[in-house]
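> Provide a 3D model corresponding to the input given below.
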Amino acid sequence: MDETERDTLSVYFNPPLWAQRIAWVLDRIRKYSVRTILDLGCGEGQLLRCLAQPAPYLCDATLPLDVDVSSRDVYPSLMAGIDICTKSLERARAATEPQEMDDSAPRYATVSPRWNPLTIELWHGELEVASDQFLNRFECIVSTEVVEHLPREVLDRFFPLVLGYYRPQFLLLTTPNYNFNELFTKPGEPSPTGYPDPTGDTDRVFRHHDHKREWTLPEWRQWCEKAALQYGYNIEIGCIGVPEAKDPYGRSTSILGKATHTAVFERGDHRQRIIPPSSNDARIPELVACHIHPVHCRAGKPLSAQEIRDRVKLSLSQSPSNELPVEQMWKEDIDIACGGSRKALIDALIQRPSDGSEPEWQITEAGADIGKWLVLWKNWTPEMFKEAQNLWNGLGDVDREEIGEVIDHAWDECSQEWWLGIQQPTEGDGWSHHHWDITTEVDSNWENEEWPKSLNEDAVEEVTV
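Down below sits the predicted model:
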């Protein structure tokens, strides 16, 4: 071990810090029910890819929003990303292109049905160049781990362009917390692997070679609040990213702050747009990809109420109980029978028989999240489940093997991704809703989730975002 490794401390985040940032964005998009999103500095498209996962239900504005924000689904209809790096955009193109959907294939051998249409655009261009293509199209603009990379002349144009000209309903920002860097070295010792401020404005040492600045909490608050006041926005400052283990020298994030600053800007009035001055050498952003994600052939086209009830009976007859939550039976092709509509399912089950007899179904509501409602089939008997078991047990080895191969094939495809949403992190942001797992293809350089011991390595954490 060389001297540099001895003087540099390893700081671990679980889930990884980049994933916690995406989770934070997801929580805000759920909270505000945002459907159109622009990602400034989208990089390789991790955020867009996450948001592009199909919701399990058809979006229905007539249904009440769940008071539990973490239980809300996300229904983006239009998303766009812009970046200056062509290589990153090529990866973003691949990460966000539609997955092939075979409506006739077995459920375990195909992707989840998409019930809501989605368009994703990718633009190549500079963030500081105004484009009419981004006017009046996006409720929310997101920019994570970007502003710290901007040269002074570009940073000075950031708020005038985004808040003064585009004027979205919401702006979500994240950036590294400079004070947190202290945890990467022993007390009182300078970082042997950091990067001196390239602008020469300060004597600070930054986390990444391309950072032009890193803000302390007071500096971040002052910078954001000034812009919010100037352009008529309300502001909420926060932070995310607590190390998995305590600092060996007793230093606390309650004093230094967490690893990442956050800011939510919400438009407070309808001021007139301010047209930013244009540069003579400015290049208008260019559209390099446009993905149209098609919906399932039965989206919004439910079967008859009787056919839906028959499907539910089939599902419950294979269950050891006469009662199941909607979200559990939904995956057994009930969603396809209902055309993705939860309302179609509930309407079919509460419909009274035409002969005036008592309905076969009892529904127990559990808040606004219909997925948690319990459906009870009064005519279910244990013999139905036994018959289903006997049918499975009576299958020959060849038949079971064929069924098993279909299921194994599906899980083999899933194993190429991290399904981090199953875990509950310490902070709890964005992870409690299983429909919106945060995924990324496994990168062999990042199997270990610790912060790199050497901040001079190319694979520093910010680069992965």
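> any weak-confidence spans in the stretch 101-250 of the chain?
With pLDDT under 70 as the threshold, the stretch 101-250 of the chain has low-confidence stretches at 101-110.
> show me the strands in it, by range?
118-124, 140-144, 170-176, 195-196, 205-206, 233-240 (DSSP state E, counting those that start in this stretch).
> JSON lines please, covering those strands and showing mean neighbour count and distance to Trp373.
Every C-beta, even on glycine, is put in place using the N, C-alpha and C of the backbone. What follows is these, written out as JSON lines (neighbours: other C-beta atoms under 10 Å; distance: least, C-beta to C-beta, whole Å):
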{"stretch": "strand 118-124", "mean neighbour count": "21", "distance to Trp373": "27"}
{"stretch": "strand 140-144", "mean neighbour count": "24", "distance to Trp373": "30"}
{"stretch": "strand 170-176", "mean neighbour count": "24", "distance to Trp373": "31"}
{"stretch": "strand 195-196", "mean neighbour count": "16", "distance to Trp373": "54"}
{"stretch": "strand 205-206", "mean neighbour count": "20", "distance to Trp373": "51"}
{"stretch": "strand 233-240", "mean neighbour count": "17", "distance to Trp373": "33"}
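> for those strands, which one sits closest to Ser357?
Each of those has some distance to Ser357 by C-beta to C-beta; the shortest is strand 118-124, at 43.5 Å.
> could you name the helices and strands sitting against the closest one?
Under the contact definition 3 or more C-beta pairs under 8 Å, 6 or more residues apart in numbering; DSSP states H and E, strand 118-124 sits against strand 78-83, helix 86-96, strand 286-293.
> give me the angle between the shortest one and helix 86-96.
Our comparison of strand 78-83 with helix 86-96, counting by axes from the mean of the first three to the mean of the last three C-alpha atoms, to 10 degrees, yields an angle of 160 degrees.
> can you list contacts of stretch 370-381?
With contact meaning C-beta atoms under 8 Å, 6 or more residues apart in numbering, stretch 370-381 is reached by 56-57, 63, 71, 312-313, 316-317, 322-327, 329-330, 342, 346, 349, 358, 360-366.
> quick check: ChimeraX command selecting the buried ones in those residues.
Command for ChimeraX that selects the buried part of the contacts of stretch 370-381, burial taken from 16 or more other C-beta atoms under 10 Å:
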select :56,57,63,71,312,316,317,322,324,325,326,327,329,330,342,346,349,361,363
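> picking up where we left off before, so which of the helices and strands packed on strand 118-124 is nearest Val111?
strand 286-293 (10.6 Å).
> pretty sure Ser341 is touching Pro302, no?
Yes: using C-beta atoms under 8 Å, Ser341 makes contact with Pro302 at a distance of 5.7 Å.
> report the secondary structure state of Pro276.
coil (DSSP: H, G, I helix; E, B strand; the rest coil).
> what about the nearest residue to Tyr231 once chain neighbours are set aside, neighbour count?
Leaving aside its sequence neighbours, Tyr231 sits nearest to Leu163 (C-beta to C-beta, 6 or more residues apart in numbering; 3.9 Å). Residues within reach of Leu163, counting by other C-beta atoms under 10 Å, total 22.
> Leu163 contacts Tyr233, correct?
Yes: if you go by C-beta under 8 Å, Leu163 and Tyr233 touch, sitting 6.1 Å apart.
> give me the common contacts of the two.
Leu171, Ala227, Phe265.
> which of these sits closest to Gly45?
Leu171 (19.7 Å).
> identify the residues contacting the closest one.
Counting by C-beta under 8 Å, 6+ apart, Leu171 has contacts Cys140, Ile141, Val142, Ser143, Val162, Leu163, Tyr233, Ala263, Val264, Phe265.
> how near is it to Asn116?
24 Å (C-beta to C-beta, to the nearest Å).
> same deal with Tyr195?
According to C-beta to C-beta, Tyr195 and Asn116 sit 44 Å apart.
> contacting residues around Arg352?
Contacts of Arg352 (C-beta under 8 Å, 6+ apart): Pro359.
> what about the strands in the stretch 251-400 of the chain?
Under DSSP E, counting those that start in this stretch, the stretch 251-400 of the chain gives strands at 260-267, 286-293, 323-325, 361-364, 374-377.
> turn these into CSV, columns for mean pLDDT and distance to Gly125.
Below are those laid out as CSV (pLDDT from 0 to 100; distance: least, C-beta to C-beta, whole Å):
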stretch, mean pLDDT, distance to Gly125
strand 260-267, 97, 22
strand 286-293, 97, 6
strand 323-325, 88, 46
strand 361-364, 90, 51
strand 374-377, 90, 50
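> most tightly packed of the ones you listed?
Of all these, strand 260-267 has the most neighbours on average by mean count of other C-beta atoms under 10 Å, namely a mean of 22.
> name the helices or strands packed onto it?
With contacts taken as 3+ C-beta pairs under 8 Å, 6+ apart, strand 260-267 sits against helix 17-32, strand 170-176, helix 217-231, strand 233-240.
> who does that strand pair up with?
strand 170-176 (antiparallel), strand 233-240 (antiparallel) (DSSP bridges).
> how far does the longest one sit from the chain's center?
Taking C-alpha atoms, centre = their mean, to the nearest Å, the mean C-alpha location of strand 233-240 is offset from the chain mean by 19 Å.
> closest to Arg93 among the contacts of Leu171?
The nearest member of the contacts of Leu171 to Arg93, counting by C-beta to C-beta, is Val142 at 18.6 Å.
> can you give me the helices in the stretch 51-200 of the chain?
86-96, 152-159 (DSSP state H, counting those that start in this stretch).
> mind saving the C-alpha coords of the longest one as PDB?
Read it as helix 86-96. Extracted in PDB, the C-alpha atoms of helix 86-96 (Å, rounded to 0.1, in the frame of the first residue of the first chain):
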ATOM      1  CA  THR A  86     -22.000  12.300 -28.600                       C
ATOM      2  CA  LYS A  87     -20.700   9.100 -27.100                       C
ATOM      3  CA  SER A  88     -23.000   9.500 -24.000                       C
ATOM      4  CA  LEU A  89     -25.900  10.200 -26.300                       C
ATOM      5  CA  GLU A  90     -25.300   7.000 -28.300                       C
ATOM      6  CA  ARG A  91     -25.500   5.000 -25.000                       C
ATOM      7  CA  ALA A  92     -28.600   7.000 -24.000                       C
ATOM      8  CA  ARG A  93     -30.100   6.100 -27.400                       C
ATOM      9  CA  ALA A  94     -29.600   2.400 -26.700                       C
ATOM     10  CA  ALA A  95     -30.700   2.700 -23.100                       C
ATOM     11  CA  THR A  96     -34.100   4.300 -24.000                       C
END
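> quick one on the thing from earlier: quick check: which of the helices and strands packed on strand 260-267 is nearest to Pro294?
helix 17-32 (22.6 Å).
> which parts of the closest one are buried?
Within helix 17-32, judged by 16+ other C-beta under 10 Å, the buried ones are 17-30, 32.
> perfect, I'm done here.
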